[in-house]
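K.L.:
Sharing a model that was predicted from the sequence below.
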Amino acid sequence: MTLDLLPDILDAKTHRNLDEMVNEICADLQFGESVDTFKDTVILLTTIIDSSDGHLDSRYSTTKAAKELIRAHLELSDMLKTAWKDQSYRDIRNLYKVIDALTPAMKQELARSFNTTYRGGALDAFVEYLENNQRKFEQGKYYGKFCSIVQSSGTGKTRLMLEVLSKRDVLVLYMNLRPAEDKTGFPDRDPIPAGLLTPDNMTAEAYGTRCCAFFTAIFRSLLDTLSRAVRDAAGDELSAVREWNKDMSDLCSTHRHEFFEQVKTIVDEVRHFSATAGSSGRQMMITAYREMIEAFPKLFDSQREAHNMPKLVIAIDEGHPLHEVKPFRRATILCRTISAYSQDVGASIWVVFGSTNSKVAHFASPQASFDSARVSVKGPLVFPPFSQLGWDQFAPRLEGIRATDVAKLSHIIGFGRPLWMSLQPVYERADVDPIQEIQNLARQKLCGGSMYDPGTTRHSLAVLGQRFALDICFGHSEAVEHIQSLVASHLRICITVTEDRRWSFTTYPSEPYLSCVAANILHAKSEMRDETLKVLMKKVNDGMIDMGRSGGLACRMLWLLAKDLLVRTYHSPGEFLDERKGKDWDAELIDCQEVSVRDFFMFLFGSDFWTRAGQSATTAFDNAYVNFSHWVSMDSNIRRNGLDQLDIKQWTLRHWHRTSAVQCCHNQPSIDKVIPIYFKSRGLARDEDGVSQIFISDKARAQTGPADTLDKILRTDNSIAGDNHQSPLPYVAILADMGLTQSGLNRIEFPKPSSTQFLGSSGLDVLSETLQFLVKRQQIPANNQPHTWSVQDRVEFGNSSTKEHMVWEEGSVEEKLSFPTKWQRGYVGVRRVRAT
C-alpha cells in the first residue's frame, strides 16, 4: 500500500477544526515542541485518527495497528514529525492508506465494471424467486410484497439488483442506504432516500407518516418520468421502460439525481398536507399507487400470461440500518407501509432489501408492535431471503492450464466469489499494486474490517473455518449469533434460509485464494497460531464446534497444518507468493504449491518412514506430489450407482486444480478423507492420467482394531472408483488410529507391483500437544426451484462427485483470460457466452 496523497477529502474549515482537536488532546498529553520518539509518533497518529470525525480508517486508532503502519512505512514517521511541528495534519488525513477509501478513479472503474458481461445463473434464479413470491402472495398468506437478498461481501448483490434492468425489461429503481460514515463502499450512498428512510430523532408515528409520503413520492415521480418517456417513445411502453432503465442504471447520471430531487420535493408537499389534514397519508399513497398502475396498462397488466413476472422492483441496498432500534425498528414500520399498498392491486411490484447482514430478512410480525397502526394486514408470513448469487463466475477451464501450474495466482484467484478478479482492473487503473491491494482487502474482509486478533473468537473461527471445514453445532446458545456475524462480516456464505427464517445454512465454500490469505494470517507468528488453536479448543470444549466422528476434525487439522508447516520450511516468514517460477500474476501462492509425497510423509511420520516402507515404495512415489490448501466436505459417497458422475480420475483432477482435499460423508464406506496426488511424468498424454489419491480412515479408539481394517481400504471399492477402475499408479491407504495409548507407525507395507498396489500404514505418532484435546474429547461417549438449485450447486463444490457439484464451467464457455503485468494499465479481458 503506497503513501500517496489524495486530493482533499475535507474542506479547509473542517481541517482547521480537526487540527485544533488534535492539538488540544496532545497538549493534555504534555507533548513537547517536537515529536522525537517512536512512541510519540504512534500516539500522534492514533490521536489524528480518533479526532477525524469518522473520516479516517478506525483500524489505526489502536496502538498495535498504528505501530504496524509506521513500521511498514518509515516515511510516515517523518511526516508525523513535520505535521506536529507545523501543527497541521492535513497531509496525514489525505494519505491514501489512512483514508482507506475508494478514489474517484477507482469508483469510475467500478461503475464501468457494472456494464461488463454478467456471469452465472443468479439472474435467472432471482427472477424465478420473485415469480414464485408473486404466486405465493396471491394465495393470501403473506404480509407484503417485500423480500431480501442476503449474502456475504463480494458475491454480487448490487450487480444482481442492477442487472435486472438490462436483461428482463423490468423497471428497477435502485437506492443505497449506506451509512454516511462508510467511505470505503461502492456504490455510494444515495443521500436523499437514505436521509428520508434513516432519520434521527423521530417518533414512530412521524416515521410512519414519512414512509407513506416516501412511497407516494416514488409512485408519483415514476408516473411523471415514465409518462414523458412513453410520449418520447410514441406510446411504446416497453421502449420507454428500456430508455428509463438506461438512464437510471448509470449510478452517476444526472437522471438519478433529478429523480430523487423530485421525490424529496413531493415528500415535503405530502408531509405538509398530511400535517394540515391530520392524516397519516396512507390513502394518498394507495391512490398514487393505483394511478401509476392504471397509467401503464401494458406494463402492469396483471391478467397477462406472464403476470407473475416482476414489473417494478424498488431495490434498497445496504438496508441493515433500517433494522437498528433507535428507539424503534424502522424496518417494521416501513414494511407495514409496503403491506398497506401491496394488497390493493395484483401487479407484481416488489421492494427488495439487500445486505450482508441477515437481520435485513428478519422483519417483525404484523402484531409485534404498534398495534394501533391503521394498517391492513394480509397474512403472517414473510418471504425468506434470496441467497443464490452463484460462485466461480471467473473460474478457469480445466484444460486451460497444466496440472503442474495450478498454484499460479492467475489460476487460483478465479475460483470463488467474483470480487477478487473484478478488482484487478480497478487497482491497475489506480496506479497501485493490485496483487497487494487485493490481498490486503481479503485479509481485512476475513477479519471483519479490523486487524487480526487471535483472541477474538470470530476472527479465529473465520480463519480456521475457511480452511478446516469447521462444523458449528446448531444447538449451541451462541451458534445463531456467531453464524450471522460470520456471514455479515467474515465472508462466510449463506446457502439457504428456511421458510420460517429460523434456520440458515451457511458454509465456507471452496475458495483457494481466500484459503491462502487465511493461512498467511494463521502462520504469521507461531504465537498467533497457538492462540488461534486455543480459541478452537475452547469452542470445542463448550460444544459450539463439532469434533466429527472418529477424530475427524483432529485429522483435518493434522494433515493440513503439517502441509502448511512443511511449505514454510521452503520460504521466508510471512511469504505469500513465490516468484521463482514467474512474476506478478504468474507467481505461485505458496499454500497451493505442490510438495513431494516423500517429503510430506517424512515431515509427518519421521525421517525413517521411507526406509521402513522399502525401496520399492520409495521409487514408486519418487515423483508424487500433494498440493491441498483447504478441505471441502461431501454429502454423499464418492461414487453412487445410477448417477451421472465424474470418474475417479476427473474427480481427483478437479480437486487438484482447486487445491482441495476431501472430507467424505459419514456414510462413505472404508474411508473418511481423500487427498489428491499428482505424479509428474513427461510421457502423460492427459493430466488426468497422472492423478492418484491418499485414502485416510479416521479412528480415535483406545485399542487397535482388526488387523485387516487397513486392507479394506481399496480404490476399487464400489463406493470409491468401482471395480472397473484401472490405473498403473499406486495410491496410499492410511488408518489414522489417533486414539491408541501406544502411538507410532504400527504397520507399513507396500505390495509387489500390481494393478492394485498401494502403500499402507496404520497408527500415528504425529499429533502435536495442541491437537491432543480433540482426540481426548472424542473418546468420551457421546422447494423445487431448478434455477436456484443450479446456482446453489456452484457454491457447494465437492459436495458430491456429480457434474452439478464438480464442473464449474457448466453452462458457459470462456473465450479469453489475460492478466496484465504488475503495472500495466488495462482490463482483465474475460467474456463468457451461454453454451449451446
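P.N.:
Sure thing, it's come through.
K.L.:
C-alpha from now on. contacts and neighbour counts both.
P.N.:
OK.
K.L.:
where along the stretch 601-750 of the chain do the helices fall?
P.N.:
609-613, 615-620, 648-658 (DSSP state H, counting those that start in this stretch).
K.L.:
mind checking how far Gly449 is from Val170?
P.N.:
For Gly449, the distance to Val170 (C-alpha to C-alpha, to the nearest Å) stands at 35 Å.
K.L.:
The two: which is more packed in?
P.N.:
Using other C-alpha atoms under 10 Å as the criterion, Gly449 and Val170 rank with Val170 on top: 22 against 16.
K.L.:
That one and Pro310 touch, don't they?
P.N.:
Yes. Because the distance of 6.5 Å satisfies C-alpha atoms under 8 Å, Val170 is recorded as touching Pro310.
K.L.:
Could you say which helix or strand holds Trp350?
P.N.:
Trp350 belongs to strand 349-355 when assigned by DSSP states H and E.
K.L.:
and the helix or strand just after that strand, what does it pack onto?
P.N.:
Proceeding C-terminally, strand 349-355 gives way to helix 409-412 as the next helix or strand, assigned by DSSP H and E. Contact partners of helix 409-412 among helices and strands, from 3 or more C-alpha pairs under 8 Å, 6 or more residues apart in numbering; DSSP states H and E: helix 512-522.
K.L.:
and the helix it packs on, what other elements does it pack with?
P.N.:
Against helix 512-522 (3+ C-alpha pairs under 8 Å, 6+ apart) you get helix 409-412, helix 434-446, helix 457-468, helix 526-541.
K.L.:
switch to 6 Å and redo it
P.N.:
For helix 512-522, there is no helix or strand it packs on, judged by 3 or more C-alpha pairs under 6 Å, 6 or more residues apart in numbering; DSSP states H and E.
K.L.:
buried stuff in that helix?
P.N.:
Residues of helix 512-522 classed as buried: Pro512, Tyr513, Leu514, Ser515, Cys516, Val517, Ala518, Ala519, Asn520, Ile521, Leu522 (neighbour count, 16 or more other C-alpha atoms under 10 Å).
K.L.:
got the contact list for that helix?
P.N.:
Ile412, Ile413, Val463, Arg467, Arg529, Asp591 (C-alpha atoms under 6 Å, 6 or more residues apart in numbering).
K.L.:
Single out whichever of those has the smallest pLDDT.
P.N.:
Of all the contacts of helix 512-522, Arg529 carries the smallest pLDDT score, 92.
K.L.:
For that one, which non-adjacent residue is closest in space?
P.N.:
Leu522 (5.3 Å; C-alpha to C-alpha, 6 or more residues apart in numbering).
K.L.:
How about Ala194?
P.N.:
Leu177 (4.7 Å).
K.L.:
number of nearby residues for that neighbour?
P.N.:
Leu177: 25 neighbours (other C-alpha under 10 Å).
K.L.:
From Val267, how far out is Ser203?
P.N.:
For residue 203 the amino acid is Thr, not Ser. Distance, Thr203 to Val267, using C-alpha to C-alpha: 17 Å.
K.L.:
For those two, indicate the residue with more neighbours.
P.N.:
Val267 (22 against 11).
K.L.:
for the more buried one, what are its contacts?
P.N.:
For Val267, the contact set (C-alpha under 6 Å, 6+ apart) comprises Ala213, Phe214, Ala217.
K.L.:
Going by neighbour count, which of those residues comes out on top?
P.N.:
Of all the contacts of Val267, Ala213 has the most neighbours under the rule other C-alpha under 10 Å, reaching 29 neighbours.
K.L.:
And the strand or helix carrying that residue, how far out from the chain middle?
P.N.:
Using DSSP H and E, Ala213 sits in helix 204-232. Once both centres are worked out by C-alpha atoms, centre = their mean, to the nearest Å, helix 204-232 turns out to sit 35 Å from its chain's centre.
K.L.:
do the same with stretch 307-325
P.N.:
Using C-alpha atoms, centre = their mean, the offset of stretch 307-325 from its chain centre is 21 Å.
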